[in-house]
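Asker: the following block contains a protein sequence and its predicted model.
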Amino acid sequence: MTQNHPSSEQQRILQTIHAIPIGQVATYGLIAKLSGLPGKARYVGYILKSLPEGSSIPWHRVINAQGKISFPEHSEVYREQKQRLLAEDVIFKGHKIPLKQYLWKQSS
């Protein structure tokens, strides 16, 4: 991703992530599908990994298909993501987020 000129695919992914409401989460695969890129969940992860520090994109609302945070459990970024989600009233059951309750259901 070039810093100044994201591709149209990258822009669609970022716009989709930006639209996830507070208190809800989306999986990498759901973001890819809603961005018109089905099957490109790993690409969504790549885009998120490339975000500049201090980005306003709510990256913390994107989790894996099992309802888990993808970072290693004892890492600083895992703790940061979990804290941000808890602050938005997303409740964890063990290490998982109940997707039936918190998965973003985009109204069309």
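Answerer: Cool, the structure landed.
Asker: list the contacts for the closest residue to S70 other than its chain neighbours?
Answerer: Nearest residue to S70, sequence neighbours excluded (Cβ to Cβ, 6 or more residues apart in numbering): N64, at 4.9 Å. Just so you know, the C-beta spots here come from the backbone N, C-alpha and C atoms, and that holds for glycine as well. Contacts for N64 (Cβ atoms under 8 Å, 6 or more residues apart in numbering) come out as 27-28, 70.
Asker: how about K96?
Answerer: Here K96 is in contact with 66-68 (criterion: Cβ under 8 Å, 6+ apart).
Asker: just the closest of those residues to L99, please.
Answerer: Nearest to L99 out of those is G67 (Cβ to Cβ; 4.8 Å).
Asker: can you read off the pLDDT for the closest one?
Answerer: The confidence metric pLDDT takes the value 98 at G67.
Asker: wait, it sits on I97?
Answerer: Yes: under the criterion of Cβ atoms under 8 Å, G67 makes contact with I97 at 4.6 Å.
Asker: higher neighbour count, these two?
Answerer: Using other Cβ atoms under 10 Å as the criterion, G67 and I97 rank with I97 on top: 23 against 20.
Asker: show me where pLDDT drops low in this structure?
Answerer: 1-6, 107-108 (pLDDT under 70).
Asker: for the spatially most central residue of it, what are its contacts?
Answerer: For the chain, V62 is the residue whose C-alpha lies nearest the centre (Cα atoms, centre = their mean; 1.7 Å). By Cβ under 8 Å, 6+ apart, the residues touching V62 are 17, 20, 25-28, 31, 44, 48.
Asker: where do the helices sit along this protein?
Answerer: 8-18, 28-34, 41-49, 76-87, 99-102 (DSSP state H).
Asker: return the list of helices and strands in contact with the first one.
Answerer: In terms of contacts (3 or more Cβ pairs under 8 Å, 6 or more residues apart in numbering; DSSP states H and E), helix 8-18 is packed against helix 28-34, helix 41-49.
Asker: ok, back up a step: so of the contacts of K96, which ones are in strands?
Answerer: Judged by DSSP state E, strands contain none of these.
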